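Engineer: model the following, please.
(chains A, B, C and D)
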Number of protein chains: 2
Amino acid sequence: MIVVIAGEETAPKTNVRDRMTRSAAVLFGERGFSGTGLRDVIAHSSTPRGSIYHHFAGGKAELAREAVRHAAGAVAAPMDDAARDGDPVAMLHAWAGHWRAALTDSGFRAGSTVLAVAAEPEEQTGARAAAAAAFAGWADAFAAALHGAGVRRKKAARLATLAVTAIEGAVVVSRARGDTLALDHVERELEAAIAAARRS
Amino acid sequence: MIVVIAGEETAPKTNVRDRMTRSAAVLFGERGFSGTGLRDVIAHSSTPRGSIYHHFAGGKAELAREAVRHAAGAVAAPMDDAARDGDPVAMLHAWAGHWRAALTDSGFRAGSTVLAVAAEPEEQTGARAAAAAAFAGWADAFAAALHGAGVRRKKAARLATLAVTAIEGAVVVSRARGDTLALDHVERELEAAIAAARRS
DNA sequence: GTCTATACGAAGATAGAC
DNA sequence: GTCTATCTTCGTATAGAC
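Structural biologist: Numbering: from 1, shown residues only, chains lettered A, B, ... in the order given. Alright, predicted model coming up:
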């Protein structure tokens, strides 16, 4: 979410930190946590080199936690927009559509920041809890929509976990293949699973 | 697959290379490709330091390709054993059971070698094609079992993609959470999806 | 085949001037 | 807040002795 303060002439204090966070999210998703250097983040965000430890006193681990939180929100935003109808299928399409666009727009270089960080151990990233919270946030939002559409609460929770894991997995498989076939298949099968759950 | 040659007294030529490959597969799965150094592989496999470039002239990229192939086979083995009955549900249980055991036995440090390599770009790993082939191999084997159980060929292919992506995703989420809940949910929902596909 | 030694660059992180 | 300079450790990879 971008907050614009009316009439502000100078850049907000958080500008540099935000740009670093955004670039870190992109690069961690593309190259992984260990595969991305702080120098890469500086170069990608065009921010001052000497100030990264001023903005992120906790070093790379703090940057990873912020990047994961940012990425979690960036994925949740289109889902939340679509959730206003209360239709879980619309939510699924917004969710899958976000990744289809990210993959094709980047020439299949984009990847999930959250998954990339979660794929490396806590000792390296220091961001395991943030990644787990991101997965849980997506699942909870989707489960709420499913429950609102008449799916039993426990069934909705399981189906939401299936959606989170399959979509995150489909992003990786699609990237490896260089096409969106895996994402297409997952989207269609999840839609069928939602329809079946609503009937029962 | 492990081949034991009867009566062989000395270690086979491939012994050191195999141990390096196995350790690389474990460590890439746990720490990611960039997060694992060749020194880590040497230490974990207790192999001679000076010989890694003798066995893997292509360097770390060649090691990654071999590790991915090895990991692909290690996951396919329990699936193939269960597939002898031709029951896709038994295959699913063997598949999920393999990961449940790997996660709990390792204190939730184990991870998917294939996913870890696929989550980093080709320019870093040099193993994108091997990862894509591993995903495709699992999906094709599962799709064949589904088709043998009466699921239309195209539906079977889509459902198999759902299974591959969801299980790989569930391993990451389970690791981040420190429990097998995501894997449990995915296994149960995939079982329901298989049952629904056989009815239609 | 395996060894030691090392090249060469980059990693994360810090110090202290301004 | 941002700079430059630097510390220390580590990365992959290679050379050449044995």
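
Engineer: tell me if the helix or strand harbouring A:Met20 is near DNA strand C.
Structural biologist: Here A:Met20, judged by DSSP states H and E, is contained in helix A:15-31. No: under the criterion of CB under 7 Å from any atom of the strand, DNA strand C is not reached by helix A:15-31; the shortest gap measures 9.9 Å. No exception for glycine: its C-beta is placed from N, CA and C like everyone else's.

Engineer: following the chain onward from that helix, which element is next?
Structural biologist: helix A:38-45.

Engineer: quick revisit: would you mind listing the buried residues in the helix holding A:Met20?
Structural biologist: For helix A:15-31, burial by neighbour count (16 or more other CB atoms under 10 Å in any protein chain shown) applies to A:16-31.

Engineer: just those that are near chain B?
Structural biologist: Among those, the ones lying near chain B by CB under 8 Å from any CB of the partner chain are A:30-31.

Engineer: between the buried residues of helix A:15-31, which is closest to A:Asp184?
Structural biologist: If you rank those by distance to A:Asp184 using CB to CB, A:Gly29 comes first, at 20.5 Å.

Engineer: surely the closest one meets A:Ala119?
Structural biologist: No: counting by CB atoms under 8 Å, A:Gly29 stays clear of A:Ala119, with 11.1 Å between them.

Engineer: any idea how far DNA strand C is from A:Leu181?
Structural biologist: Using CB to the nearest atom of the strand, to the nearest Å, A:Leu181 is found at 33 Å from DNA strand C.

Engineer: secondary structure element for A:Val173?
Structural biologist: Assigned by DSSP H and E, A:Val173 belongs to helix A:153-177.

Engineer: is that helix anywhere near chain B?
Structural biologist: Yes: judged by CB under 8 Å from any CB, helix A:153-177 and chain B are in contact via A:157-159, A:161-162, A:164-170, A:172-173, A:175-177.

Engineer: in terms of secondary structure, what does that helix contact?
Structural biologist: helix A:88-105, helix A:113-118, helix A:128-148, helix A:181-199, helix B:113-118, helix B:128-148, helix B:153-177, helix B:181-199 (3 or more CB pairs under 8 Å, 6 or more residues apart in numbering or on different chains; DSSP states H and E).

Engineer: what pLDDT does A:Arg49 get?
Structural biologist: pLDDT recorded at A:Arg49 is 83.

Engineer: show me the contacts for it.
Structural biologist: By CB atoms under 8 Å, 6 or more residues apart in numbering or on different chains, the contact list for A:Arg49 reads A:39, A:42.

Engineer: quick one: low-confidence parts of chain A?
Structural biologist: Along chain A, the model assigns pLDDT under 70 to residues A:1-14.

Engineer: what residues are up against A:Asp80?
Structural biologist: Counting by CB under 8 Å, 6+ apart, A:Asp80 makes contact with A:Ala141.

Engineer: rewinding a little: what's the closest of the helices and strands packed on helix A:153-177 to A:Pro78?
Structural biologist: Shortest separation from A:Pro78 across the helices and strands packed on helix A:153-177 is recorded for helix A:88-105, at 4.3 Å, computed as CB to CB.

Engineer: what comes into contact with that closest one?
Structural biologist: Residues outside helix A:88-105 that contact it (CB under 8 Å, 6+ apart) are A:75, A:78-79, A:81-83, A:110, A:141-142, A:145-146, A:148-149, A:151, A:163, A:167, A:170-171, A:174-175, A:180, A:183, A:186-187, A:190-191, A:194.

Engineer: pull out the buried positions in that helix.
Structural biologist: Using 16+ other CB under 10 Å as the test for burial, helix A:88-105 gives A:88-96, A:98-100, A:102-103.

Engineer: give me the angle between that helix and helix A:15-31.
Structural biologist: With axes from the mean of the first three to the mean of the last three CA atoms, to 10 degrees defining the directions, helix A:88-105 sits at 90 degrees from helix A:15-31.

Engineer: gap between helix A:88-105 and the chain center?
Structural biologist: 11 Å (CA atoms, centre = their mean, to the nearest Å).

Engineer: stretch A:129-139 now?
Structural biologist: 10 Å.

Engineer: which residues touch A:Ile52?
Structural biologist: A:20, A:38, A:41-42, A:63.
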